[in-house]
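Undergrad: Below: sequence and its predicted model.
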Amino acid sequence: MSSPDFSSNSPLGRIVNFPTSRAAAVTSENATVFPRVTDEPAGHVDNWGRDAGLFRTVTMLSEIRWSVSTGGDQHLPTRKGALIVVNARRFALAAIYSAFAISRAVDRPVRFVGRPDGGTFGALTQRLGGLLDHPDEVAGALRAGELVVCSASATTRPRDVGVIDHALVGAAIRSNVEVFPAATTSSPFGRRARIEIGEATRRRQLRRGPLAEVELADHVADDITLLLTEMGEMTTATPLDWLPLSGIGGN
Amino acid sequence: MSGVGGELGTLVAKLLEDEPWVGSLSGIDADPPRRRLQRTTFHRISPEDHNDIVDIVTKFNPHVLVHVGVWEPDARAAPQRAAALTDQAAVSVLGAAAECRALDSIIVRSGIEIYGRGPGSLTRPDEDAPLRPTSEWGRTVADIERTAANVAERIGVTVGAVRLASVLGPHVPSPLGRLLRQPLVPFHATSDPPFAVIEHRDAARAIVAAARHQLSSPVNVVAPGAITCLHAIRRGQRIPLPLFGPQWRFARQLSHITGAPIPDHVSEALTRGRLADNGRMQALLGMTPDTNTTEVIDHLYRWPRVIRKQARVHAAQQIMPDEASA
């Protein structure tokens, strides 16, 4: 934290510069950089094409479908970029609702990987913060200090963690940012969903080659599995919970 | 310096005149400069006159060559004519520079259209992104960069490319600016992707900074932020005309008839978007743009259609009483 500012002669001159005022300084230097989502005016489109007004409307509408509780967001860096890897159930749109929920929790724009290239849906998802599923695109966003959510490949069983694209993890290593595991649970029949972000996954061995990203992707998958176990089962308190492959429980 | 007669070229020349490291400055173009230049020696030569250009350039024997003599399609010339002029100017000027023994550095004006917007292209490409131009203007600037790189490699000098977003500013001929200032502006209703621009003053500052630092790599020069066509229309209080699919082709033809042609690179920006990563500007050029994309668009709509200036001396006062009685 910076030292107190005693330079002003006014009675209110003894002001301690909290980090929030430093964020405001960034805003004044460059009018298009809004460190907080809530500061963005409605017509603002950021460097990546994310439309603040549309984002606000769609996140509000998404709360009709999902009521997401987010935990562990204190692990995320406040300014630097980070890659957040989530597990995904098929058709659950885990990366999208996770990005919306984390963005609301940390009050920063959060991008998600996997928007289609072209077409109406591609354009719409770009304006909601979507990125192409391309390592260079992800690396560019991470270098620019963005939080990026990508999902493991979708599985039918909610407790399983699919394959994590090691090329995307490699983009994080190249950009020198941390990779965070995040476990998600949601129900196809209910609104309740939960995201638990763990501590950054550390590389256990220093590798110089591409093996580093493969090993880190495996460790992230292990950490997500551990987080899912710690979160416990998602139940509806109905006999549905005993059904296997229902998307809710049955493990 | 080539292209000194254009609005951007004149601005670059004026800024270069103020630079302490610039000993003498010589400019070439087919058109005379738009403003009074104090220290620049101007030579009015057509890009087709290779011999004259070679004579002038070799006699001057520059240390730094700034090549701004490019014609954006439908800005000042029709696309085919613009491509031909740009090619001739590039070959003449860069070819002449290759004959100069004192030359240390070449700076060329390029564009972010060089990255292309084909399938799989990155949303916000940086300077390392693959060059896959998908428009005529993109291919033209790619050719300029290639020619400059070949010349630089052959004679052992550095070459820097300033890849500009669409340049907008008062009096700057720009097909995008002209389209957005129409009373009725078409936009792609189903996608309306974001694009970025750069104001002419920031573009000129970037070119001068590139010459000062003897830039030896490409750099994207893009104003921070982005805007969509619909947002721009709303800011300018124009009438939006939503278009779907093939209607865009008819809109282009109609717009051409009404005096605001939409070349393929502008059409691409409005249907596929056009952004670029400007993260290396500070490191390579030591500057960042003063104006963000939204402000550039706001300035675009603030230019008056007709500038009315008061006469220094009223006409009635100029007539002597004797003349009036006669």
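TA: Perfect, I can see it now. Quick caveat, the model's predicted, so the values are computed rather than measured.
Undergrad: Going by secondary structure, residue B:260 is in what exactly?
TA: Using DSSP states H and E, residue B:260 falls within no helix or strand.
Undergrad: So it versus residue B:31, what's the distance?
TA: 22 Å (Cβ to Cβ, to the nearest Å). For every residue, glycine as well, the C-beta is placed using N, CA and C.
Undergrad: the more surrounded of those two?
TA: residue B:260 (20 against 14; other Cβ atoms under 10 Å in any protein chain shown).
Undergrad: Name the SS class of residue A:69, please.
TA: Applying DSSP: H, G, I helix; E, B strand; the rest coil to residue A:69 yields a three-state assignment of strand.
Undergrad: what sits against it?
TA: By Cβ atoms under 8 Å, 6 or more residues apart in numbering or on different chains, residue A:69 lies in contact with A:192-195.
Undergrad: would you say residue B:282 is within a helix?
TA: Yes - Residue B:282 forms part of a helix when assessed by three-state DSSP.
Undergrad: Run a quick neighbour tally on it.
TA: 10.
Undergrad: Output the longest strand belonging to chain A.
TA: strand A:178-186 (DSSP state E).
Undergrad: How far does it sit from its chain's centre?
TA: Between the centre of strand A:178-186 and the centre of its host chain there is 8 Å, according to Cα atoms, centre = their mean, to the nearest Å.
Undergrad: In three-state terms, label the spatially closest residue to residue B:251 that is not a sequence neighbour for me.
TA: Leaving aside its chain neighbours, residue B:251 sits nearest to residue B:186 (4.3 Å; criterion: Cβ to Cβ, 6 or more residues apart in numbering or on different chains). Classification of residue B:186 by three-state DSSP places it in strand.
Undergrad: Touching, residue B:186 and residue B:241? I think so.
TA: Yes - with contact defined as Cβ atoms under 8 Å, residue B:186 reaches residue B:241; the gap is 4.4 Å.
Undergrad: any weak-confidence spans in the stretch 1-150 of chain A?
TA: Within the stretch 1-150 of chain A, the segments meeting pLDDT under 70 span A:1-35.
Undergrad: and if you look at the stretch 201-326 of chain B?
TA: The low-confidence ranges in the stretch 201-326 of chain B, as defined by pLDDT under 70, are B:305-307, B:315-326.
Undergrad: Tell me the residues of it that contact chain A?
TA: The stretch 201-326 of chain B comes close to chain A at residues B:224-228, B:231, B:234-235, B:272-273, B:275, B:277, B:279, B:288, B:292-295, as judged by Cβ under 8 Å from any Cβ of the partner chain.
Undergrad: Strands - which of those land there?
TA: B:227-228.
Undergrad: Buried among the residues of the stretch 201-326 of chain B next to chain A? Make that a PyMOL selection.
TA: The PyMOL selection below is limited to those of those classed as buried (16 or more other Cβ atoms under 10 Å in any protein chain shown):
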select buried, chain B and resi 224+225+226+227+228+231+235+272+273+275+277+279+288+292+293+294+295
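Undergrad: and the nearest residue in space to residue A:197 that is not next to it in sequence, what are its phi and psi?
TA: Once flanking residues are discounted, residue A:197 sits nearest to residue A:72: 3.5 Å by Cβ to Cβ, 6+ apart. Backbone dihedrals for residue A:72, given as degrees, to the nearest 10, come out at phi 80, psi 10.
Undergrad: neighbours around residue A:72, how many?
TA: With other Cβ under 10 Å as criterion, residue A:72 counts 18.
Undergrad: swap in residue A:38?
TA: Residue A:38: 9 neighbours (other Cβ under 10 Å).
Undergrad: Would you pull up the residue in the stretch 101-250 of chain A closest to chain B?
TA: Nearest residue of the stretch 101-250 of chain A to chain B, counting by Cβ to the nearest Cβ: residue A:123, 3.7 Å away.
Undergrad: Which residues of chain A lie near chain B?
TA: So far as Cβ under 8 Å from any Cβ goes, chain A lies against chain B at A:30-33, A:43-49, A:51, A:117-120, A:122-123, A:126-127, A:131-132, A:134, A:136-137, A:140-141, A:143-144.
Undergrad: returning to that earlier point: weed out the non-buried ones from the contacts of residue A:69.
TA: Neighbour-count burial (16+ other Cβ under 10 Å) is assigned, among the contacts of residue A:69, to A:193-195.
Undergrad: quick one, helices of the stretch 151-300 of chain B?
TA: If DSSP state H, counting those that start in this stretch is used as the criterion, the helices of the stretch 151-300 of chain B fall at B:175-180, B:200-212, B:229-235, B:247-257, B:264-272, B:281-285, B:293-302.
Undergrad: can you check chain A too?
TA: Listed in chain order, the helices of chain A (DSSP state H) span A:19-29, A:52-65, A:94-106, A:119-126, A:135-143, A:166-174, A:211-231.
Undergrad: what's the burial count for residue B:249?
TA: Using other Cβ under 10 Å, residue B:249 has 11 neighbouring residues.
Undergrad: Can you name the residues that contact it?
TA: With contact set as Cβ under 8 Å, 6+ apart, residue B:249 has no partners.
Undergrad: if I look at it, how far off is residue B:265?
TA: Taken as Cβ to Cβ, the span from residue B:249 to residue B:265 is 16 Å.
Undergrad: Report the buried residues of stretch B:158-167.
TA: For stretch B:158-167, burial by neighbour count (16+ other Cβ under 10 Å) applies to B:159-167.
Undergrad: quick one: is stretch B:162-174 near chain A?
TA: No - on the criterion Cβ under 8 Å from any Cβ, stretch B:162-174 is out of touch with chain A, staying 11.9 Å away.
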